[in-house]
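Participant: Test case, fold it:
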Amino acid sequence: MNWPKRRGTAKRVWTWIMAGALAAIMIGVGADGAQAAGTTWTVVRSPNVTLSGGTIHAVSCSAPKACTGVGTNLNTAGINVTLAERWDGTNWQRQATPNPPGNTNPSIAPDLLGVSCPATGFCAAVGDYQSPNIGSGQVGIADTWNGTAWTMQPFPVPANSSGVVLTGVSCTSPSFCEAVGGYFDDTVGDNVTLAATWDGTSWNLQPTPNPGGFNFEQFNAVSCASPTFCEAWASGNAGAPGVTIAEQWNGSSWQMQTVPSTAMVNSVSCASATFCEAVGSGPAYTWDGSAWTSQTIPAPAGTGTLGGVSCTSRTFCEAVGENNINGNVVGVAAVWNGSAWNAQATPNPARSTFLQLTAVSCVSAKSCEAGGYFEVQMTANDQKALAEAWNGSTWQLQHAVAPPGATSNSLGAVSCVSASFCEAVGTHPDSAGNQVSLIEMWNGQSWRIQASPLVAVSVSCVSANFCEAVGAGPSAEIWNGTSWQVQTRPGAGDVVPQEVSCATADFCMSADGFDQIDIWNGSAWSAGTAVPGFSVITSISCLSASFCEVVGEGPAGQNAAAWNGISWTAQTTPGPTASAVSCTAATSCEAVGEIADQSGKVSTLAESWNGSAWTIQPTPNPSATQGSALGAVSCTSATSCTAAGDYQSSNVANFGVLQTLVEVWDGTTWSLRSTPNPSPAQDLLSGVSCGASQACTAVGQAQDAGGVESTLIETGD
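Facilitator: Modelled structure (predicted):
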């Protein structure tokens, strides 16, 4: 189940833009228009759960204990970065790689697609990224490894071009490499093939022939047996297929060759000038020094898509790829023995539902490395780097480096009892895409993630040794000072919001979001008395077993009710449904939320209970706003309350972006506080707790440039 991001009323809708689809625009830090006198709030560092990930697109080995895999991964900020990792015969270890300047936008997405390592101390890797300049197309990446570090090399831009893509590279020594790909030729108005040579110092473009007519062409693969012999294949790509072509480099020029069919080729490997193999989405092709001819590869490899091939001689080649078998995409492999291709069995990681082997590199018939990725669930951020090794008889899984990547973390509620103890609850998705629990504890020095069996949306603590947390469903969990343990509640339904409030370790009350009430008596949960006429309960605040206050959607004009230990009494409220309530006495409660004017514009709402009636209090709103709302409130006395929420900016620089909002009640007026906004996309606060006067903690989520939500915790008065 996907939990809502805020704990307030389910009617909360911004009319200007959807909060979950905000554009990732770089903006300045600070709540514009929300500056006011008082204590400045600050961000507190909080942990986030990460998911391992990464994709290996190409592999090259110079020796059995010296292999390099390259590709891309999503970092913890939700930004794609280049990935390189090195095999030393025992482990895969990640290497630092350069990235394009200003790689702070997910659309730039740098990726390494090809790598070649002719010697232990030298590799060349190529790829591309999207230019941050709108309309400038893709830019080629060419990196070199000197045995110690990766360095980005300048790559020439073809004349009259836009959008350079580099897909493959093949080196015979540190002083000779061929890189291939394609670019958009503005003169002909189409994509054409591209090739360039590395002389040990710089890259230089080479002319390449292209078929006549309007055809999208791009080299997909290249392999060189010597500086005077290379083979390259082109056929466009899956989105824009062109005519399948092969070209040969003879040391001075590229020449077009005749191909036996139109099947797309993804990889080529040449053991000599008289023997090459090419594979892709059809038959294999073999080169005998004078012509290309077709070969049959048996199923399942032959009926799938092969992404990589590597030959060490005319009697040994390995090809790898993937095939959809009974609805599950699995890895496949085939071996060439000099006369025929034979299928091989490949292992699949546990629980993998989608696997691709994209590349392979062999140094002998008994030593190959294959790379790719797999997914446990086909979600946006579940690709995990994959490596497999061939030892001459079997393929075996290896532990490729799967760097930590971003996944959405969110905190929805918090409860503090002192300056050295708070509990915050929220959610994050696991590797299968399911929303699971995120609970963090403050120990006076730092926030730390705790193990939790329940996905909680509300928490209430009375001491460092007692808390109750609730979520959708009939479960609750109790904190005993050491661990969280699951409890059963009798009447809670599978609805949200779930709310809980504890007056003591012997009395708590929970509400299931409709009107079902459960009561904790210190040893067990039991069904309580439903709130008459309420269709939704949005918040609850208990001071003792004989006084609790709820707000929500009640009978007409009665959106609050009080518990006297025996029964509920509905109360008349002048405003709409409130999102949160906090009481310090039976005669002193504050409720907050939002209220819309006749034009539909939403602004903050605060209401006060004096023991006999609710009255609306004037509240400020940021000056540069399209709308603002308060989703949480915490009071320590009748003259000290803090409310938290968010507002939607109307400034040109960050139009429509959600910003944090905090307002403070001093017994006479509500006033704005200055709160930080650390992320460029959106920041909002969903919960607040004041463990003592002038000491409050607010929690929520921030959305970074990658569009990934992360925990947000701020403290102030």
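
Participant: now stretch 429-442, how far from the chain's geometric center?
Facilitator: Distance of stretch 429-442 from its chain centroid, counting by CA atoms, centre = their mean, to the nearest Å, is 13 Å.

Participant: can you start the count at 15 instead of 1 from here on
Facilitator: Happy to do that; since the first residue is 15 now, the last one works out to stretch 443-456.

Participant: And that stretch, what's buried?
Facilitator: 443, 445, 447, 449, 451-456 (16 or more other CB atoms under 10 Å). To be clear about C-beta, it is placed using only N, CA and C from the backbone, and glycine gets the same treatment.

Participant: Reformat the residues you listed as TSV; add pLDDT and distance to L425.
Facilitator: Formatted as TSV, the buried residues of stretch 443-456 follow (pLDDT from 0 to 100; distance: CB to CB, whole Å):
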residue	pLDDT	distance to L425
P443	86	15
S445	76	21
G447	76	20
Q449	86	13
S451	93	11
L452	96	7
I453	97	9
E454	97	7
M455	97	12
W456	96	12
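
Participant: Could you report the pLDDT at V510?
Facilitator: V510 carries a pLDDT value of 64.

Participant: Sketch out the low-pLDDT regions of the stretch 65-214 of the chain for me.
Facilitator: 148-150 (pLDDT under 70).

Participant: one step back: so which of the buried residues of stretch 443-456 sit within strands?
Facilitator: Counting by DSSP state E, the part of the buried residues of stretch 443-456 found in strands is 443, 449, 451-456.

Participant: And the strands in the stretch 615-731 of the chain?
Facilitator: Assigned strands in the stretch 615-731 of the chain, in chain order: 616-623, 628-631, 639-651, 654-663, 672-679, 684-686, 696-706, 709-717, 723-730 (criterion: DSSP state E, counting those that start in this stretch).

Participant: Would you single out the least confident of the ones you listed?
Facilitator: strand 696-706 (a mean of 91).

Participant: got the buried residues for stretch 372-380?
Facilitator: Judged by neighbour count (16+ other CB under 10 Å), stretch 372-380 contains these buried residues: 372-377, 379.

Participant: That stretch: how far from the chain's middle?
Facilitator: Offset of stretch 372-380 from its chain centre (CA atoms, centre = their mean): 32 Å.

Participant: Are we agreed that S76 is in a strand?
Facilitator: Yes: according to DSSP: H, G, I helix; E, B strand; the rest coil, the state of S76 is that of a strand.

Participant: That one: neighbour count?
Facilitator: Counted with other CB atoms under 10 Å, the neighbours of S76 add up to 19.

Participant: same thing with the one 4 residues further on?
Facilitator: Residues within reach of A80, counting by other CB under 10 Å, total 18.

Participant: Am I right that it is in contact with T134?
Facilitator: Yes: assessed by CB atoms under 8 Å, A80 is found in contact with T134 at 4.9 Å.

Participant: Tabulate the buried residues of stretch 443-456 in CSV, adding columns for distance to Y661.
Facilitator: As requested, the buried residues of stretch 443-456 are arranged in CSV below (distance: CB to CB, whole Å):
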residue, distance to Y661
P443, 27
S445, 35
G447, 31
Q449, 27
S451, 29
L452, 25
I453, 28
E454, 25
M455, 30
W456, 26
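
Participant: Tell me who's in contact with the residue lying closest to Y299 once chain neighbours are set aside.
Facilitator: Spatial nearest neighbour of Y299, chain neighbours left out: A292 (4.3 Å); criterion: CB to CB, 6 or more residues apart in numbering. A292 sits next to 235, 245, 247, 260, 279, 281-283, 298-301, 306, 323 when contact means CB atoms under 8 Å, 6 or more residues apart in numbering.

Participant: out of those, which one sits closest to V58?
Facilitator: Sorting the contacts of A292 by how near they are to V58, with CB to CB, puts S281 at the top with 50.0 Å.

Participant: Next one, pLDDT for that closest one please.
Facilitator: S281 carries a pLDDT value of 98.

Participant: same thing with T288?
Facilitator: Looking at T288, the pLDDT reads 98.

Participant: Relative to A465, which of the strands of the stretch 615-731 of the chain is closest?
Facilitator: Short answer: strand 723-730, nearest of the strands of the stretch 615-731 of the chain by CB to CB, at 16.7 Å.

Participant: partner strands of the closest one, parallel or antiparallel?
Facilitator: strand 56-58 (antiparallel), strand 709-717 (antiparallel) (DSSP bridges).

Participant: Please identify the deepest-packed of those.
Facilitator: Comparing those by mean neighbour count (mean count of other CB atoms under 10 Å), strand 709-717 ranks first with a mean of 26.
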